[in-house]
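> sharing a sequence plus its predicted fold:
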2 protein chains.
Amino acid sequence: MQIRNGRMAAPPALDALDNSIIDILRTNGRATNQDIAQQLSVTAATVSARLQKMEDARAMRVVAVTDFAARGYNVIIAVGVRVQGRGIQEVGRDLAKFPEVLSVNAMNGGYDLELMVALHDFSEVQEFLYDHISGIDGVAQIDSGVAVDIVKYEFNVVPLGPT
Amino acid sequence: MQIRNGRMAAPPALDALDNSIIDILRTNGRATNQDIAQQLSVTAATVSARLQKMEDARAMRVVAVTDFAARGYNVIIAVGVRVQGRGIQEVGRDLAKFPEVLSVNAMNGGYDLELMVALHDFSEVQEFLYDHISGIDGVAQIDSGVAVDIVKYEFNVVPLGPT
DNA sequence: ATTGAAAGGAGTTGGAC
DNA sequence: GTCCAACTCCTTTCAAT
C-alpha cells in the first residue's frame, strides 16, 4: 500500500476549457494553438496561457509515443517477478531500462513486480526472460510471460518529475 | 496467445536521426522543429520531413498525457476481473470507458481482464469496484484491488488506428 | 481571465546539391 | 536525404476590458 509520492494532491483546478484543450492535444499533440483556439472559439492567446498554466502545474504534458506494432513489436507479455536481496523499486528501475520493457509495477501481493514486455514474436520470449530479466541482480524468480492483448492504455501516470 | 492485430510488422526503417528526434519529443512533445534541429545539428526542414514521414508511417505520434497525481489521483490499484456470458474484449472496452480506468489488458491465464484504476484514495476503492466495475454486463468476478506503485510506464502501445 | 494587435519566431515548400 | 531561402503562418507579450 503506497501513496504515489510525497506530493499533496494538487487543486483540481482544471475547468472545461482546460479539458477541451487536453482532449484535442490527446489526438494531436502538435496541434497549433490557433487550431485549438478556433475549434474552441477562443483566441490563441488564451490557449497559450492555459497551456503554460497546465504545464507549470504539471497537470499535463505533451510527449511522443511510438507505436510498437509499427516498429515490429507484435507480442506483449506480462511477466511476474519475485525479488530477493535487493529493494523492489531498485530492481524495478533496473528492469525498466530495457527498451522492450513497457511498464514496471511494484505490486502489493502476488509478485513483487509485474512487467509488460514487447517482443517481436514468441520465439523471443525465452531468450528475453532468461538472458535479460534473470540476469538482473535481485531477481529471484520469474513467472514466464502470459500473452496480453491490450484493450486500453491511458498512461501518463508516472509522476512527471523535475523539468 | 494473441498477435496484436492483423497488421504485418512494418519495416523498422527508423534510423539514428529518427530515434534522436523521438527522444527529444518524448521529453517535450511541443519542442519546435528548430530546437530539435539545433540539438541534432541538422536543419528544421530535415526535422519536418522526418516527422511527417514517421507520422505517416504511424511509427510515432505526439499526444498529451495528464498527470494523475497532479489531478488528485494518488492511489493506483490493480483489479482482476473474470468474464462470463460476454466477449472479453467487449467487456474490456466497456470497462475502459471509465475515466478512472488507466489500462485494460486481456490476459491469457489467470484473470480474463486486468485493470489499472486510479482513485483519489483508498476510501474510494470499495465504492468503485462495487458500484462501477461490478455493474458492467459480463463481469462475473472481481478480485479486489491490489495497490500498485508505478516504476515505469512507457506506453503508446495501443495500435494507433486510423487518422 | 480573455482579447486584439504587433513583432519576433517557427513551419513548410520547392529547387539545388 | 539534406540544405537554403522565402513565404506563410504561428506564438507570445502587453495594454485594455
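Cool, got the structure.
> in chain A, what residue lies closest to DNA strand D?
Nearest residue of chain A to DNA strand D, counting by CB to the nearest atom of the strand: residue A:33, 3.2 Å away. C-beta: built from backbone N, CA, C; applies to glycine.
> for that residue, the count of nearby residues, please.
Neighbour count for residue A:33, taken as other CB atoms under 10 Å in any protein chain shown: 19.
> which pLDDT does the model give it?
Residue A:33 carries a pLDDT value of 97.
> for it, give me its contacts.
By CB atoms under 8 Å, 6 or more residues apart in numbering or on different chains, residue A:33 lies in contact with A:44, A:47-48, A:51.
> can you list those in TSV and add pLDDT, neighbour count and distance to chain B?
Listed next are the contacts of residue A:33 as TSV, based on pLDDT from 0 to 100; neighbours: other CB atoms under 10 Å in any protein chain shown; distance: CB to the nearest CB, whole Å:
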residue	pLDDT	neighbour count	distance to chain B
A:44	97	14	14
A:47	97	25	12
A:48	97	14	11
A:51	97	20	8
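> ok, and which of those reach DNA strand D?
Among the contacts of residue A:33, proximity to DNA strand D is found for A:44, A:48, A:51 (CB under 7 Å from any atom of the strand).
> which among those gets closest to residue B:29?
Among those, residue A:51 lies closest to residue B:29 (CB to CB), at 11.6 Å.
> what's the following helix or strand after the helix or strand that contains that closest one?
In the assignment (DSSP states H and E), residue A:51 maps to helix A:44-56. Downstream of helix A:44-56, the next assigned helix or strand under DSSP H and E is strand A:60-66.
> can you tell me what sits against that following strand?
With contact meaning CB under 8 Å, 6+ apart, strand A:60-66 is reached by A:22, A:25, A:29-30, A:51, A:54-55, A:156, A:160, B:22, B:25-30, B:59-67, B:70, B:155-156.
> the residues you listed, buried ones only, as a PyMOL selection?
In PyMOL syntax, the buried subset of these is picked out as below (16 or more other CB atoms under 10 Å in any protein chain shown):
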select buried, (chain A and resi 22+25+29+30+51+54+55+156+160) or (chain B and resi 22+25+26+28+29+30+59+60+61+62+63+64+65+66+67+70+155+156)
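> helices of chain A, residue ranges please.
Assigned by DSSP state H, chain A shows helices spanning A:16-27, A:33-40, A:44-56, A:88-95, A:123-127.
> deepest-packed of those, please.
Most buried of these, by mean neighbour count (mean count of other CB atoms under 10 Å in any protein chain shown): helix A:88-95, with a mean of 20.
> reformat the helices of chain A as CSV; add distance to residue A:80.
What follows is the helices of chain A, written out as CSV (distance: least, CB to CB, whole Å):
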stretch, distance to residue A:80
helix A:16-27, 31
helix A:33-40, 42
helix A:44-56, 36
helix A:88-95, 12
helix A:123-127, 14
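> quick one: closest of those to DNA strand C.
Of these, nearest to DNA strand C by CB to the nearest atom of the strand is helix A:44-56, at 3.4 Å.
> which secondary structure elements does the closest one sit against?
With contacts taken as 3 or more CB pairs under 8 Å, 6 or more residues apart in numbering or on different chains; DSSP states H and E, helix A:44-56 sits against helix A:16-27, helix A:33-40, strand A:60-66.
> of those, which is nearest residue A:140?
Here strand A:60-66 is closest among the helices and strands packed on helix A:44-56 (CB to CB), at 31.8 Å.
> pLDDT weak spots in chain A?
For chain A, the stretches flagged by pLDDT under 70 are A:1-12, A:153-163.
> still on that earlier bit, save the helices and strands packed on helix A:44-56 as a markdown table, and put in distance to residue B:114 too.
Shown next, in a markdown table, are those (distance: least, CB to CB, whole Å):
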| stretch | distance to residue B:114 |
| --- | --- |
| helix A:16-27 | 23 |
| helix A:33-40 | 35 |
| strand A:60-66 | 21 |
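> among these, which comes closest to residue B:130?
Closest to residue B:130 of the helices and strands packed on helix A:44-56 is helix A:16-27 (CB to CB; 27.5 Å).
> angle of that closest one against helix A:33-40?
On the basis of axes from the mean of the first three to the mean of the last three CA atoms, to 10 degrees, helix A:16-27 is oriented at 120 degrees to helix A:33-40.
> show me what from chain A comes close to DNA strand D.
So chain A meets DNA strand D at A:32-35, A:44-45, A:48-49, A:51-52 (CB under 7 Å from any atom of the strand).
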